[in-house]
Each structure stands twice: as C-alpha cells, then as structure tokens.
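>>> Quick one, fold the following:
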Amino acid sequence: MQPRPHLPGPSQAFAEKKTKILDQLAVPEAEYTDLSPKGSVDRGIRHLIDEINSADGFVTTSSCAGRVSVFLQGRKATPCADADADEQPPAQVAGVGGKGAGGTWLYVSHDPVKGQDWLQSLEFEDGEAQRTGRLIHFKFEPMILHVLTASLAHAQLLLRSALQAGFRESGAVNLTADSQSAAPIVAVRSMGLGFESLVGHEFEGKRYALVSGSYLRALMDIGNERFSENTKRIERFRGAFKENLARMGSDGRRWEDPAARKERMRAEGLRRKAMAAEVVAEENGARESVDEVYEGVALDFGLA
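Residues are numbered from 1 along each chain as shown. Model prediction:
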C-alpha cells in the first residue's frame, strides 16, 4: 500500500516572508493599518486568518471578510479644450469601474446593516434623476482571501478546500515550472454571491438617486442575506481546510486498511455531494432575489 502524500517542509525564503507578514499582523489593532478602506483586518475573518497562519506552509497576504458598499466613481471627463496645456497638469481620468481620479466610498460595512441610517450618508438631494455625471454604485462583495503557500502541494490543498466549500472562482497565481522553488499565491473567492447596481449620480457637486428609496432598502436587504450565506461558506472553507490538512498528516506515513479507506472515500463523496447541492441551492436563491429587485427597478423606469 502506498503511503499518503505529505506536504514538503517550507523553504527558508518562505519562512522569512511569513515571519515578516506575521510581524505586521501582530501590531495592535489600534495601530495596524493597510490599504483597504477599513484599514485593518476584518473582525469577522480574523479567526480564519489566525488558523491559516498557524499552519506550516501558509500565510495570508490580504483579505476581506465580505462587504457592502456604495461607491462614487471617479471623474471620466477630460480637461476643457480651452485649458492652457502648458500651465495645467494632465487631469486624472477614472478607468473602467470608476476607480481613481477622485472615486470614493460613500458607505462601507463589513457586517450586516441594521436600520436606515446608512441612507443618510449618501446625501441624496431631492430632484429628478438626469443619469449624467459621475455614477454611484451599490455593491456586495463576498469574502476574498489571498494566501502565500510554500509549495505546489500546499497550494493544491488550499485550492481543493476552497472549491469544496463553494468558492468556485478560486485559483493559484505565480506558478512556475520549477516545483522546488514555487511559492504560489492562492486566491479564495466566489463571485456568485456578489452583485452590483447603479443607484445614483453626482452632478455639479450634488448627488441624486436614480432609484427609489424602497429599491435602495431592498438592495440592502439582499446584501444582508448575502452576508449570511457568505458566513456559511467561510465556515465550510474552515472545516474543509482543517480536514484536508489533518488528512495529510505531518509526514504522510499513516496507513489504513482497504475497508477503512473504502468507507472513508464513500463518506467523503457523500459529504462533497451534499455540500455541492447546498451551494447550488444558495446561488439559485440568491439569483432569484436579485432578479426580483431588477424587475422592480425595470417597472420604475418603464422598461418592463
């Protein structure tokens, strides 16, 4: 009988990178900052980060537990034709998606939102929507996690855990032909839970809604539902990662008799089938809820 595969020991270069990253994460939360709008590790995912980082051969490089946000896209207009090109510096223009050139978050939450206070932060003016100027987007984004791994075997274990949990768009980057020096980064993500909708625009410094207040509240209700499903998927990922890591063992030399192996494989197959059915059911339900809101806005604009 062949021994189980095992994870190779991390290289010295990987160990040094991991130590540096963990030193940054060890900074007290009040002093820790990063490049995200929130500026720190999300509380809802900190336990997962700690579990991954406690395992040999894995270290997280960036993460978001999931968030709902309202974003004002940057400027897309070019400078006036009569501007003095010799005196005026080139104006920044927002790229696809509206990032840069003055784009900013009007509202961000990494937790389900209660009440209607968030609507006040949008500062929408009364008046007729013109659908011109800088657009305002409402968006829900599920968890995304980037993990530096010590080898292709480590990356495969993490990716397998992500796919088992329903993070279907997960993948590995910086793959090299030399498996001995490879240190892939695995992106754990699931775009199926995400959604986005245009909700307003800014014109001459004032913001106007493109949709009704009831539509905005419906979007937030859907966002809160997605938070719940996102949390379930994160917990499935935690469980799959722990199980796959334990199965590999420290040296891969554990044995099992044929009957035990057959029963384990059968149980794992049934568990994967049940998990896949649950993920499909969640995504079908999520699509139906968004379709209902889109149908409502179509009626508002007379498009249905």
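>>> Low-confidence stretches in the stretch 101-250 of the chain?
101, 128-131, 176-181, 249-250 (pLDDT under 70).
>>> Now do the helices in the stretch 51-200 of the chain.
117-120, 152-164 (DSSP state H, counting those that start in this stretch).
>>> now for the longest one, which elements pack on it?
By that I understand helix 152-164. Packing contacts for helix 152-164, counted by 3 or more CB pairs under 8 Å, 6 or more residues apart in numbering; DSSP states H and E, involve strand 144-149, strand 171-173, strand 185-189, helix 213-248. (Glycine included, C-beta is placed from N, CA and C.)
>>> Secondary structure element holding Lys17?
Lys17 belongs to helix 12-25 when assigned by DSSP states H and E.
>>> Compute the inter-axis angle for that helix and strand 144-149.
140 degrees (axes from the mean of the first three to the mean of the last three CA atoms, to 10 degrees).
>>> And helix 12-25, what's buried?
Going by neighbour count (16 or more other CB atoms under 10 Å), the buried part of helix 12-25 is Phe14, Lys17, Lys18, Leu25.
>>> Return the list of helices and strands in contact with that helix.
Using 3+ CB pairs under 8 Å, 6+ apart: helix 12-25 touches helix 46-53, strand 58-64, strand 144-149.
>>> if you set the cut-off to 7 Å instead, what comes out?
Helix 12-25 is packed against strand 58-64, with contacts defined by 3 or more CB pairs under 7 Å, 6 or more residues apart in numbering; DSSP states H and E.
>>> ok, and what's touching the strand it packs on?
18, 21-22, 36, 41-42, 45, 49, 52-53, 141, 143-149, 154, 158, 185 (CB atoms under 7 Å, 6 or more residues apart in numbering).
>>> now the closest residue in space to Ser151 that isn't next to it in sequence: how far from Ala150?
Spatial nearest neighbour of Ser151, excluding adjacent residues (CB to CB, 6 or more residues apart in numbering): Pro8 at 5.2 Å. Pro8 is 7 Å from Ala150, where distance means CB to CB, to the nearest Å.
>>> Repeat that for Val199.
Distance, Val199 to Ala150, by CB to CB: 44 Å.
>>> same question, Phe14
In terms of CB to CB, Phe14 sits 5 Å off from Ala150.
>>> can you check Ala165 too?
Taking CB to CB, one finds Ala165 at 21 Å from Ala150.
>>> domain assignment for this structure?
Domain assignment for the chain by the TED database gives 12-74+96-253, 256-296.
>>> Can you tell me which of those is most buried?
Of the domains of the chain, the one with the most neighbours on average (mean count of other CB atoms under 10 Å) is domain 12-74+96-253, at a mean of 17.
>>> just the buried residues of helix 12-25 now: which is nearest Val68?
Leu25 (24.8 Å; CB to CB).
>>> Now tell me what touches stretch 191-202 from outside.
So stretch 191-202 is contacted by 70, 72, 124, 131-142, 168-169, 207-211, 216, 219, 226, 229-230, 283, 286, 290 (CB under 7 Å, 6+ apart).
>>> Overlap in contacts, Phe14 and Ala150.
Ala183.
>>> Can you name the residues that contact Lys139?
So Lys139 contacts Ser69, Phe71, Glu196 (CB under 7 Å, 6+ apart).
>>> if we go to 6 Å?
Contact analysis of Lys139 by CB atoms under 6 Å, 6 or more residues apart in numbering lists Ser69, Glu196.
>>> is it in a bridge, and if so with what?
Beta bridges link Lys139 to Ser69, Glu196, judged by DSSP bridges.
>>> Tell me how far it lies from Arg233.
To Arg233, Lys139 is 18 Å away according to CB to CB.
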